[in-house]
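Enquirer: got a sequence here, can you model it:
(3 chains)
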Amino acid sequence: MKKMYATIDGIQVPIEGEKNLLEVIRKANIELPTFCYHSEISVYGACRMCMVDIEGRGLQPSCSTAATDGMVVKTNTREIRNLRKMIVELMLAHHDQNCATCPKSGECRLQEIAHQLGVGKVRFKQLADFAPLDVSSDAIVRDPSKCVLCGDCVRVCSEIQSVGVLDFAQRGSSSQVVACFNKPFGTVECVNCGQCIKVCPVGALTPKFQINEVWNALHHPKKTVVVQIAPAVRVALGEYFGYKPGTATTGQIITALRMMGFDQVYDTSFAADLTVLQEGDEFLDRYGKGVNLPQFTSCCPAWVKFAEQYYPDMLPNLSTCKSPQQMFGSVCKDQLTKMLNISREDLVVVSIMPCTAKKYEAKRPEFLENNNPDVDFVLTTKELSLMIKEQGIDFEKLEPGSFDLPFGFKTGAGVIFGNSGGVSEAVLRYAAAKLNHGKMLDIKELRSGESTRIAEIKIGEVTLRLAVVSGLANARKLIDKIRNGEEHFDLVEVMACCGGCINGGGQPTSSDHQHVSKRAKGLQDQDKMLQFHSAQENPYLQELMREDLTAERAHHLLHTIYQNRKRISLDDIMIRKPSAETKISMKICLGTSCFLRGAQNLYTQLNDYIHVQGLDDVTEVSASFCNERCQRGPVVIINGSVLEHCTFERAVTELKRIQMQMK
Amino acid sequence: MQHTSLEERKQQYHDCMTQYKAKIVICGGTGCIANGALEILHRFEEVVEAKGLKITVALKKEEADYILSESGCQGFCQMGPLVTLYPQGIFYVHVKTSDVEEIVEKTLLQGELIPRLLIHDDESGEPLADAAHIPFYAKQERTTLKLCGMIDAQDIDEYIAHDGYAMARKAVLLMTDEQVCQEMTASGLRGRGGGGFPTGRKWDLTRVQVNETKYVICNGDEGDPGAFMDRCVMEGNPHSVIEGMIIAARAIGGNCGYIYVRTEYPLAVERLKLAVKAAKEAGFLGENIFGSKMNFDIIIMEGAGAFVCGEETALMASIEGRRGMPMPKPPFPAVKGLFGKPTVINNVETLATVPVAMLMGVEKYAAKGTAKSSGTKTFALTGHVAHTGLIEVPFGTTLREIIVNIGGGVINDDGTNCGSNFKAVQIGGPSGGCLTQEHLDMPLDYDNLLNVGAMIGSGGLVVMNQQTCMIQIAKFFMQFTQNESCGKCVVCREGTRQMLGLLEDIAEGNATKESLELLEELAHVVKVGSLCGLGKTAPNPVLSTLKYFRDEYHAHVFDKHCPTGQCQALRTYSIVPELCKSCSLCAKKCPVNAISGAKGVPYVINQEVCIRCGVCMETCKFHAIVK
Amino acid sequence: MQIPIASKFDRVCQILERHQRNPHKLIPILQEIQAEYHYLPEEIMTFVSTALGISTSAIYGVATFYSHFTLSPKGKNIIKVCDGTACHVKKSESLIQAIEKELGLSNKKRTSEDLLFTLETVACLGACGLAPAVVLNDKVYGFMTPEKTLELIRDIKAKEVQS
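Expert: Below you'll find the predicted structure:
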């Protein structure tokens, strides 16, 4: 096979099947400035920053040009330099340039590239026709005045997560990136995974900070503030302070938190161990009875919302266990209020998470006790780094500290939760022990690095079929296969973020293309360094379970329910109002799930029936978009009676009954 | 499905037509219809019936003495409604419903001409009986448009009678795909939509792709303001488009076609739908066309109001149900087009020319025009010219020939004809540049125009007289492009908006030296950096006007003066003291009380207060106020 | 008068069926729905999103991209003034200004209060030989002046009052 080469700025570089010229240019150690190029999502070609001069072809965008043998490329001619500068000027002219007060300052690509290219002046008129800030979501803040219309968020949400909350609307210079009908973010189908935040090059999408609330709590004389740190945080926070991805800076984090004023510093992995036991028991119980399989994990709140919206029929399959964050909050508030003799209101539980969806999760109404939340505030890794910097702490120079007991003690099983495949592995270790099969430690099949991993694991006489999937589009594909019988599994782990929580919406963005696998290894190494690797071996957990967590209490504190969720909040459509007095009121649900079950036909048939029976004058017909009873659809409500799994015959029976009464 | 052969149908048509003593053709282009052409058609029916004679309409072909037909646009829009009587070819213009009775009485029944309804020669004043002698038509070479304006678009048999579908049949039954591509290459036909890419080569690139599914798309999204060539072809000869598509499909191995038509052309949509239906019934579309193994069907899709969808990748996105936002090329449509399959996209005129070129012999077609731009091109001649309308000339024709000989000369704002003294001619619409007096005798073809910073584009030719302000023209085109920009790439989206802002500054007297430099620099960046053709050509009007009318720009920027007086903010109204009668009317009308004076003393306009509305000038009965 | 959503609901279902609920046919589907309602109601677009399996934001994106679609109710009579090159050069702007003044319209407000008229500016109707051209309810009027345009509008208003 003849070797192919391209010449980049005079340097000969081999072409080895790269996707495009931009990646070949990287091999010449040149990183072209880009806004809209991400290797995981489709090529968009809109920012025009990656243009290069190809001999014989003129200026071409390198992201969408294939490298060919003998290509001679110049990346930094005078024309290109002028072009890039002008593009940045044009962007800045339609951008809120108040960098100092922008949450993305210091991490912003526009700022970085403007500086890199030496843009000293914006010669164009400043345009300021911006929509206002959108703070309606618990997890994500949208600032249209910062949007550069690169479309990265649109493509990530649509291609990688298959949710498609955001898209372009309008045209030309009125273009905006918005949710449908320009609705506030918090009212649409966003699952809060925060991947859009990760790809946004500027401050148009940021996590909803709760930094000030936490400082206020810390400064409050009467409140006891405790904190839990998620595993994924410890191998990533250091990146904000110059450490390589995957370096565990746990000890320093703990010291910093103490300096900030937290009264107790605990480890979410403790609760993760607890989750393993609960979920493991739940699984073995279902497996023994052969019901509600496969069991889906439920610790990812973005996945849970996704399931509630799109797969309500799978909700019975979700584990009823709360996530480690919530189990922690629930147990912590229960135990500490007793131990310290304080009220729930005076105890503030803060969690440091790699995840933006956790902010939404903490506010779910199921996770309140007497109107007081189990977890009061959630800070992303990013927010913690800002608080450390705000206090002026020199992170690198800190002495390491250790977690407080009892909630700071964990086994390796709890730590690997941060990786995709980690939850499954942890559960299997426990299951193996319970089935008297001895220790199972590194289950390599679950660590392949692919986003969909399928494995058959033998535990004694039992062979379990597992699937581990991360990224919601991948999850959708897999679940569709399960739904139509193409695949079957016993246990399925779903994480919304590709690679798991280590790649969450609240984690640092990294220019290191291997950062996800490096963080994963970091957690795996942490697991190796601990004395215990299986959750049931955690002595403090054993004590807690023995002393306090009876089956009944465990159920109350550690388990939850799910709900069907309408994807959009919209009013019902009144189709026909009767001319005379309303004797019959019929509402038909035309939400997705009911629709797929034939609601449209049902509507037509019932409409005809009413007409044929001469009941038009007295019947009110309306359509709703979701009665949140999705897995029991089609749903028809007649005079207040809710008919689930409704068929034409059932509805007619009910109508006949009412007709009799009318006479 | 009828399988009557083409020859048989052709013969049947001719046989049928022999029964009629005369054929009356009424131009049914949008322009003439707006001026009452359909009423005239009905009036003919009424009058003839009233005389106890029988008249039928083209499609029905009942037994009768006379036959009425509605043709496509004949191109002489200013002179409509147009009525032609065959077999003599008598050409009546400006026909009114009230003239019909006289036409029937005198011309139809007695063979007499009605001079007032004829065109008169510009020089001798003599009436000209038929179209062939009218300079407007005589100087043209209506090749692609030949049947457009002659036949009834709704009658497939009339098309067949003029050898319609013969070339499609030949391509499908008697030629290989490669041969068809070679024929096209030999004809020298280049894309008529503006790209000018050799059609034969485009087909061949698609032909060699290996895929079971391939598409042929007809781009009928003619969005250039001032261009209506494609509309006329789609309305006047839709079958030629269909035939072109069939031949293209044969050439590439295509099995499905789309015609994407602007929704603003409802008549074109209707005619195309009828034509497709008729072609299907005749066995020219659908399965086993012409009795061969080839399947080819056509779907008609209406655009939804986006100029950018004339760009091929945006058009395909639109057919796929998405926003019309272009994609970077490569991959090219020939390789990966509609729904990811190999696709050929051709302009309406290009496709309509295909069967015409093949019928006359591709060598003969190639002999027309110039060496690298063979054949003929339609132009929409509009603006400040005596005869506006739709014309077709061979490549190599000069502006002088078009504007003076065919167009009849440039018209000033006051109505006088000043021959060839135009200020500029915009060619190629908002993507094109302007030509000036120095180009009067330049042969027009693809390459010559590119060399002077303009382009043939789709063929819109707007003639502008000396009273036109070029900055206003540049601004007008930029407004259009800005409005139609899809918004995807930073360069076009923000660049055109800022260019428009700078042009507005110039027109309003708020520009500086830096504004002008920035405008030029930005124009170059937008030209080079944009993602698609819309952005890349958006700066052309600006760059072109800067090249030829830099003085005018300087006047606006440095002198804050608009030489033609079109820019409202830069007008200076002043009262000529010698002519002022001190009647004080202007002062009373002035909305800002800027005029002062007294009896016996000429009135004066205070320039500081004046808002340049022009009311005073309109009011003055003595023409004492000038701009 | 705004057409109530419910009255055309059945038609929407028919339109979707006829296009076999093919998501690629989104544009023709929206065109037909708009032909029924004279605009695209939000509720119907959400319903279409469910029926075709496309995200609602994508549908909103398509509906707002193309000039032909409107998300707010249009007037009974649509006045389209051509502002293409030929018409522009023949002073089509004066027609637009006259109509705006007569009906109380502006750049942002394109439909009259009484929902009788909507003013649209079209880039080119292809009737350049008749510049300036106006299309009122699909009928083309050529060689228009501000006076002739106002006459047309007043005629329609008078007819409305009578009926």
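Enquirer: what parts of the stretch 351-500 of chain B come near chain A?
Expert: B:482-491, B:493-498 (C-beta under 8 Å from any C-beta of the partner chain). Heads up, the C-betas are built off the backbone N, CA and C, glycines and all.
Enquirer: among the residues you listed, which ones are in strands?
Expert: Under the assignment DSSP state E, those contribute nothing to strands.
Enquirer: near chain C, list only the ones from the residues you listed.
Expert: B:483-484, B:486.
Enquirer: which one of those sits in the busiest neighbourhood?
Expert: Among these, residue B:486 has the most neighbours (other C-beta atoms under 10 Å in any protein chain shown), with 28 neighbours.
Enquirer: where does the residue lying closest to residue A:118 once chain neighbours are set aside fall, secondary structure wise?
Expert: Counting by C-beta to C-beta, 6 or more residues apart in numbering or on different chains, residue A:118 lies nearest to residue A:85, which is 7.4 Å off, once chain neighbours are set aside. Element membership of residue A:85, judged by DSSP states H and E, is helix A:78-93.
Enquirer: do me a favour and average the pLDDT over that helix.
Expert: For helix A:78-93, the mean pLDDT works out to 95.
Enquirer: again with stretch B:589-609
Expert: 83.
Enquirer: residues contacting it, please?
Expert: With contact meaning C-beta atoms under 8 Å, 6 or more residues apart in numbering or on different chains, stretch B:589-609 is reached by B:572-575, B:577-578, B:580, B:582, B:584, B:586-587, B:610-611, B:613, B:615-616, B:619, B:625.
Enquirer: redo that, cut-off 7 Å
Expert: B:572-575, B:577, B:580, B:582, B:584, B:586-587, B:610-611, B:613, B:615-616, B:619 (C-beta atoms under 7 Å, 6 or more residues apart in numbering or on different chains).
Enquirer: only C-alpha atoms, please: export that stretch in PDB.
Expert: As requested, the backbone C-alpha atoms of stretch B:589-609 are provided in PDB (Å, rounded to 0.1, in the frame of the first residue of the first chain):
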ATOM      1  CA  LYS B 589     -46.400  73.300   3.100                       C
ATOM      2  CA  CYS B 590     -43.100  72.800   4.600                       C
ATOM      3  CA  PRO B 591     -43.600  70.400   7.600                       C
ATOM      4  CA  VAL B 592     -40.600  71.800   9.500                       C
ATOM      5  CA  ASN B 593     -40.900  75.500   8.700                       C
ATOM      6  CA  ALA B 594     -37.600  75.600   7.000                       C
ATOM      7  CA  ILE B 595     -38.500  78.100   4.300                       C
ATOM      8  CA  SER B 596     -38.600  81.800   4.900                       C
ATOM      9  CA  GLY B 597     -39.000  84.900   2.800                       C
ATOM     10  CA  ALA B 598     -41.300  87.800   2.100                       C
ATOM     11  CA  LYS B 599     -43.200  89.400  -0.700                       C
ATOM     12  CA  GLY B 600     -40.900  90.600  -3.400                       C
ATOM     13  CA  VAL B 601     -37.900  88.700  -1.900                       C
ATOM     14  CA  PRO B 602     -37.100  85.200  -3.100                       C
ATOM     15  CA  TYR B 603     -37.700  82.600  -0.500                       C
ATOM     16  CA  VAL B 604     -34.800  80.600   1.000                       C
ATOM     17  CA  ILE B 605     -34.600  77.100   2.400                       C
ATOM     18  CA  ASN B 606     -32.700  76.700   5.700                       C
ATOM     19  CA  GLN B 607     -30.500  73.700   5.000                       C
ATOM     20  CA  GLU B 608     -30.000  73.000   8.700                       C
ATOM     21  CA  VAL B 609     -33.700  72.500   9.300                       C
END
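Enquirer: in it, what's buried?
Expert: Within stretch B:589-609, the residues scored as buried using 16 or more other C-beta atoms under 10 Å in any protein chain shown are B:590, B:594-595, B:597, B:603, B:605.
Enquirer: include secondary structure and distance to residue B:45 when you put those residues into JSON lines, please.
Expert: Output for the buried residues of stretch B:589-609, formatted as JSON lines (DSSP: H, G, I helix; E, B strand; the rest coil; distance: C-beta to C-beta, whole Å):
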{"residue": "B:590", "secondary structure": "coil", "distance to residue B:45": "58"}
{"residue": "B:594", "secondary structure": "coil", "distance to residue B:45": "61"}
{"residue": "B:595", "secondary structure": "strand", "distance to residue B:45": "61"}
{"residue": "B:597", "secondary structure": "strand", "distance to residue B:45": "65"}
{"residue": "B:603", "secondary structure": "strand", "distance to residue B:45": "63"}
{"residue": "B:605", "secondary structure": "strand", "distance to residue B:45": "61"}
